[in-house]
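Peer 1: Sharing a model that was predicted from the sequence below.
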Amino acid sequence: MSRSKFTALEKLKLLEEFKESDLPRATFERQHGIGKDSLKRWSLRYERDGLEGLEEARKNIHYSKELKETVVFAYLNGEGTLENLANKYGLRNVAQAKTWLDTYNGDKPLTASPSRKQVPLCVRRQLSKSESKSLSMW
């Protein structure tokens, strides 16, 4: 199922319509059923990546630990806003950079891919009759 209700060509057409209109961005987005700040993101991606930037991501992108640290340290050193840095380093969304910053500020290490807690599989063992009986009495 598609995450976006607009194709890349529809997004491009909406960007062109917006540039020709005299409406404020928020008003145009509301009138066309577009999410808040979507036009801004689409415009940045289109300028950076062309029509491919407007395509829906087919899968999650995994970023290296080095890139994550570069973005976080650049922000902490005042080299730009999260939005500018997300665009500079080719992130699909500024929320990704914000998540990395929050992780770093929470004293958690930045890793190359999302760390998922590995839960060991429980090994079931056969209970003796006395163990079974004592548990059933609980």
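Peer 2: Thanks, I have it.

Peer 1: thinking residue 74 is in contact with residue 81, fair?
Peer 2: No. Using CB atoms under 8 Å, residue 74 makes no contact with residue 81, being 10.4 Å away. Where C-beta positions appear, they are placed from N, C-alpha and C, glycine not excepted.

Peer 1: of those two, who's got more company?
Peer 2: residue 74 (17 against 12; other CB atoms under 10 Å).

Peer 1: all strands of this protein, in order?
Peer 2: Counting by DSSP state E, the chain has no strands to list.

Peer 1: Which parts of it are helices?
Peer 2: In the chain, the helices defined using DSSP state H lie at 8-20, 25-31, 38-49, 65-76, 82-88, 94-105, 129-136.

Peer 1: Quick check: which of those helices is nearest to residue 55?
Peer 2: Of all the helices of the chain, helix 8-20 sits nearest to residue 55, with 4.8 Å by CB to CB.

Peer 1: Alpha carbons of the closest one, in PDB - could you do that?
Peer 2: What follows is helix 8-20, C-alpha atoms only, in PDB (Å, rounded to 0.1, in the frame of the first residue of the first chain):
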ATOM      1  CA  ALA A   8       5.800  12.000  -8.200                       C
ATOM      2  CA  LEU A   9       4.200  13.600 -11.300                       C
ATOM      3  CA  GLU A  10       1.200  14.800  -9.200                       C
ATOM      4  CA  LYS A  11       3.600  16.300  -6.700                       C
ATOM      5  CA  LEU A  12       5.500  18.100  -9.400                       C
ATOM      6  CA  LYS A  13       2.200  19.500 -10.900                       C
ATOM      7  CA  LEU A  14       1.200  20.700  -7.400                       C
ATOM      8  CA  LEU A  15       4.600  22.400  -7.000                       C
ATOM      9  CA  GLU A  16       4.200  24.200 -10.300                       C
ATOM     10  CA  GLU A  17       0.600  25.200  -9.500                       C
ATOM     11  CA  PHE A  18       1.800  26.600  -6.100                       C
ATOM     12  CA  LYS A  19       4.500  28.600  -7.700                       C
ATOM     13  CA  GLU A  20       2.000  30.200 -10.100                       C
END
